[in-house]
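In: okay, predicted coordinates and the sequence, questions at the end:
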Amino acid sequence: MRAVRWHGKLDVRVDTVPDPEIVNPRDAIIKVTSTAICGSDLHLYDAVIPTMQKGDILGHEFMGEVVDVGSAHKEKLNGHGLKVGQRVVIPFTIACGSCFFCEKQLWSCCDNSNPADNQDIPDALMGHSPSGLFGYSHMTGGYAGGQAEYVRVPFADTGAFAVPDHLEDEQVLFLTDIFPTGYMAAENCAIEKGDTVAIWGAGPVGQFAIRSAFLLGAERVIAIDHNPARLRLAAGAGADTLNFEEVDVLDALAETTAGRGPDSCMDAVGMEAHGVAIDNVADLAKQKMGIAFDRPHVLRQAIIACRKGGHVSVPGVYGGVIDNFPMGAVVNKGLTIKSGQTHVHRYLKPLLDHIEAGRIDPRVVITHRLPLDAAPMAYDQFKNNQDEFRKVVLKP
């Protein structure tokens, strides 16, 4: 089969590799019909996530058709047994369905999906290992990703989610990650009717967070970015917009909220924040010298901007230790910070209902539909030309 593989920093290639096989009774093999490049894939492309190995297959947003199942598939999937021929979306977080955390619906904290021999680094960095993830380094399991013609899905009886035939791939593809990620990020803001929510980052996750915040009762959403096309898309969803290259974000937020600050602030950017602020320049230098992992400029701004007693939501990906964290502001303003890899399984059915009811059309974020062989070009353009390449869907 053909698959998109990582060969080093800024080097992805489409190679021919062996087809996946069933290795566990709970496995399924999926023929991929649609897959996408996620913003967090750029952290792999930039080689800032550790434990990537040459030849790793990328991709954690994918869906397709079941072509083979393991012997244990007698469990129920949406009320029916998992069968060959079913059309399914696959959460990017891999979950066993029966451990302490899965039973609490904390699916991305699953204890059993990240093999023990992969946990040394996450244990050292984070205290405990998160769940396994598709196509996202060996510290999260080393699982082959879905930017390929076929993929093996472990714990498929828990993860594979059947979708109705009357919906197009592109209406349901983003249930795998970015739609639930944006929704959970908005949910973590504990939005009350009439709230103002500020969102740093108007990429695909930010776009779903904007729409989700309105669904959850926000009166006003302020989108912060520098990309004109992203800001236009945010404005089209009803958000006010701030271009951080044109205004002082903290001053603008204070002014537009009568000095109080937004009720909730969201960092939908994560570990590779851009900008020429002094702290961000220092972060970049530390990162290049190997002193620090991440560039948390946006997280610092969100904490400083948020009103007293407010909520800071962090869907942006972080990989390690950050420097100069404004803990004094967190404590003295009484802020609540909520984060986490998305518990995708929890949101599949309710968000599918939103799609079927027409309350959110996920296709709005797509800019390009390309064949799998175009992946190297798409990665380069996604990194360097984000005004045009905002969300790429690949068709194997």
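Out: All right, it came through fine. Computed from a predicted structure; not experimentally measured.
In: list the buried residues in the helix or strand harbouring M377.
Out: Assigned by DSSP states H and E, M377 belongs to helix 375-384. Neighbour-count burial for helix 375-384, counted by 16 or more other Cβ atoms under 10 Å, picks out 375, 378-379, 381-383. To be clear about C-beta, it is placed using only N, CA and C from the backbone, and glycine gets the same treatment.
In: which residues touch that helix?
Out: 4, 10, 12-14, 37, 41-42, 45-46, 147, 368, 370, 388-389, 392, 394 (Cβ atoms under 8 Å, 6 or more residues apart in numbering).
In: try it again at 7 Å.
Out: 4, 12-14, 37, 42, 45, 147, 368, 370, 389, 392, 394 (Cβ atoms under 7 Å, 6 or more residues apart in numbering).
In: between those residues, which sits nearest P315?
Out: L42 (15.2 Å; Cβ to Cβ).
In: just give the nearest non-adjacent residue to the closest one, would you?
Out: Using Cβ to Cβ, 6 or more residues apart in numbering and skipping residues adjacent in sequence, the residue nearest L42 is K383, 5.6 Å away.
In: which residues in the stretch 251-396 of the chain form strands?
Out: 264-267, 311-314, 336-339, 368-371, 392-395 (DSSP state E, counting those that start in this stretch).
In: how about the ones you listed, which one is nearest L253?
Out: Of the strands of the stretch 251-396 of the chain, nearest to L253 by Cβ to Cβ is strand 264-267, at 8.4 Å.
In: just checking, what packs against that closest one?
Out: strand 196-200, helix 297-305, strand 311-314 (3 or more Cβ pairs under 7 Å, 6 or more residues apart in numbering; DSSP states H and E).
In: burial check on the closest residue to A252 other than its chain neighbours, number of neighbours?
Out: Spatial nearest neighbour of A252, chain neighbours left out: L242 (5.4 Å); criterion: Cβ to Cβ, 6+ apart. Residues lying near L242 (other Cβ atoms under 10 Å) number 23.
In: just checking, V66 touches A28?
Out: Yes: at 5.5 Å, V66 and A28 qualify as touching, with contact defined as Cβ atoms under 7 Å.
In: out of the helices and strands packed on strand 264-267, deepest packed?
Out: When you average the neighbours per residue for each of the helices and strands packed on strand 264-267 (mean count of other Cβ atoms under 10 Å), strand 196-200 leads with a mean of 28.
In: may I see the buried residues of the helix or strand following it?
Out: Once the chain leaves strand 196-200, the next helix or strand it forms, by DSSP H and E, is helix 204-215. Buried residues in helix 204-215, defined by neighbour count with 16+ other Cβ under 10 Å: 204-214.
In: CA atoms only: put stretch 15-28 into CSV for me.
Out: The C-alpha trace of stretch 15-28 is given here as CSV (Å, rounded to 0.1, in the frame of the first residue of the first chain):
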residue,chain,number,x,y,z
ASP,A,15,6.3,5.3,0.1
THR,A,16,5.1,1.8,-0.7
VAL,A,17,4.9,-0.3,2.5
PRO,A,18,3.4,-3.7,3.6
ASP,A,19,-0.3,-3.7,4.1
PRO,A,20,-1.4,-3.8,7.8
GLU,A,21,-2.6,-7.1,9.3
ILE,A,22,-4.8,-8.1,12.2
VAL,A,23,-2.5,-8.7,15.3
ASN,A,24,-5.1,-8.7,18.1
PRO,A,25,-8.6,-10.1,18.3
ARG,A,26,-10.0,-6.6,18.8
ASP,A,27,-8.3,-5.1,15.8
ALA,A,28,-9.9,-4.0,12.5
